[in-house]
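Peer 1: Could you look at this predicted model? Sequence included:
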Amino acid sequence: MRPPGNDALTDFDRIEFTAHGRSAPVYRLGTGPAVVVMSEMPGITPRVADFARAVAALGCTAVVPHLFGRDGHDPRASRVPAAGFAASAVRAMVPACISSEFTVLATGRSSPIVTWLRALAAKEHERCGGPGVGAIGMCFTGGFALAMAADDRLIAPVLSQPSLPFAVTPSRIRSIDVDTDDLRTVESRCARGDLRVLGLRFQGDRMSPSGRFAWLKERLGDAFTALELPDAAANPDAPGPPHSVLTEGLIDRPGEPTREALDQVLAFFRERLLPG
């Protein structure tokens with residue numbers, strides 16, 4: 001894991017993207033087909049930025065929108081890293097939970113911000129070219145990638161530890177934050193063979209429960225591939241229980257299960273977006 005410290009994101013180009021009444025910074029790196037990288041809580045941390053760099057090194061354009069939190073801030077860069085991470089997560093999560101842009105508890109509903117994200121993906125597809133767009137959501141944003149796939153331009157969605165709606169009842173465990181009509185569209189695309197979906201989680205993760213992946217398998221069939229890693233594979237230095245497969249929980253060494261999961265995600269983007 002990289003040492004603590006903020007990331008100035010100076011290797012990224014920063015633009016302001018406006019659509020549907022929302023304007024926010026977007027960070028871009030690389031060339032080639034676009035992959036929208038949606039951060040987990042507490043925001044675009046250095047480890048989220050490092051994942052985006054891996055996407056860019058693959059030959060794609062990493063497109064990282066600001067959704068919440070402090071861009072480039074490292075919550076571990078405090079006297080007590082775990083406490084710093086928790087405090088940063090709370091500061092980012094509380095405004096998001098009460099914001100009209102995000103749907104936290106309701107089932108069968110996409111967060112309104114998905115409309116803005118679809119517009120961003122469409123613009124980046126027009127700019128970058130390629131057969132389509134990839135997207136990855138993590139934790140709070142995990143289901144956004146699936147909701148975006150109701151648009152045919154989105155051809156490589158990855159759901160890393162999708163955590164909404166919060167799993168407080170059985171009905172919310174067997175659901176995800178995607179509109180019913182959008183989910184039907186995604187199911188139809190999967191049934192036709194037009195779409196494949198990749199999901200990742202740690203086996204003991206209660207925020208992203210096993211029942212959600214079982215339900216997705218029922219709905220999407222063989223088009224959904226689940227990578228469920230043992231909790232013991234998570235980085236022991238990560239704050240809290242095993243959760244963030246590709247960032248805080250990553251052990252970036254060959255042969256480590258989390259590194260193999262990262263390689264599978266990158267291979268998925270390569271196969272879908274960089275054919276031939």
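Peer 2: Perfect, I can see it now. Numbers count the residues shown, from 1 in each chain.
Peer 1: tell me which element Ala119 is part of?
Peer 2: helix 113-128 (DSSP states H and E).
Peer 1: Quick one: distance of that helix to the chain centre.
Peer 2: 15 Å (C-alpha atoms, centre = their mean, to the nearest Å).
Peer 1: same question, stretch 170-178
Peer 2: That offset, for stretch 170-178, works out to 17 Å (C-alpha atoms, centre = their mean).
Peer 1: Give me the contact list for the helix holding Ala119.
Peer 2: If you take C-beta atoms under 8 Å, 6 or more residues apart in numbering as the criterion, helix 113-128 is touched by 17, 19-20, 22, 24, 26, 31-34, 36, 38, 61, 63, 65, 67, 101-102, 132-133, 135, 144, 147-148, 150-151, 153-154. (Each C-beta comes from the backbone N, C-alpha and C, glycine too.)
Peer 1: what do you get if the cut-off is 7 Å, keeping everything else the same?
Peer 2: 17, 19-20, 22, 26, 32-34, 36, 61, 63, 65, 67, 101-102, 132-133, 135, 144, 147-148, 151, 153-154 (C-beta atoms under 7 Å, 6 or more residues apart in numbering).
Peer 1: all strands for the chain, in order.
Peer 2: 13-19, 22-29, 34-38, 61-65, 133-138, 154-160, 197-202, 224-229 (DSSP state E).
Peer 1: now those strands in a markdown table, with mean pLDDT?
Peer 2: Compiled in a markdown table, the strands of the chain are given as follows (pLDDT from 0 to 100):
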| stretch | mean pLDDT |
| --- | --- |
| strand 13-19 | 98 |
| strand 22-29 | 97 |
| strand 34-38 | 98 |
| strand 61-65 | 98 |
| strand 133-138 | 98 |
| strand 154-160 | 98 |
| strand 197-202 | 98 |
| strand 224-229 | 98 |
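Peer 1: and the helix holding Ala119, average pLDDT?
Peer 2: In this model, helix 113-128 has a mean pLDDT of 97.
Peer 1: any idea of the angle that helix forms with strand 133-138?
Peer 2: If you take axes from the mean of the first three to the mean of the last three C-alpha atoms, to 10 degrees, helix 113-128 sits at 140 degrees to strand 133-138.
Peer 1: Dump the strands of the chain into TSV; add distance to Asp263 and mean neighbour count as well.
Peer 2: Output for the strands of the chain, formatted as TSV (distance: least, C-beta to C-beta, whole Å; neighbours: other C-beta atoms under 10 Å):
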stretch	distance to Asp263	mean neighbour count
strand 13-19	27	13
strand 22-29	19	17
strand 34-38	15	28
strand 61-65	17	25
strand 133-138	14	30
strand 154-160	13	26
strand 197-202	12	25
strand 224-229	11	18
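Peer 1: Please produce a markdown table containing the ones you listed, extended by distance to Arg184.
Peer 2: As requested, the strands of the chain are exported to a markdown table (distance: least, C-beta to C-beta, whole Å):
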| stretch | distance to Arg184 |
| --- | --- |
| strand 13-19 | 25 |
| strand 22-29 | 26 |
| strand 34-38 | 22 |
| strand 61-65 | 26 |
| strand 133-138 | 19 |
| strand 154-160 | 16 |
| strand 197-202 | 15 |
| strand 224-229 | 15 |
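Peer 1: which stretch among these comes nearest Ala238?
Peer 2: Judged by C-beta to C-beta, the one of the strands of the chain that comes nearest to Ala238 is strand 197-202, at 10.2 Å.
Peer 1: Thank you kindly, that will do.
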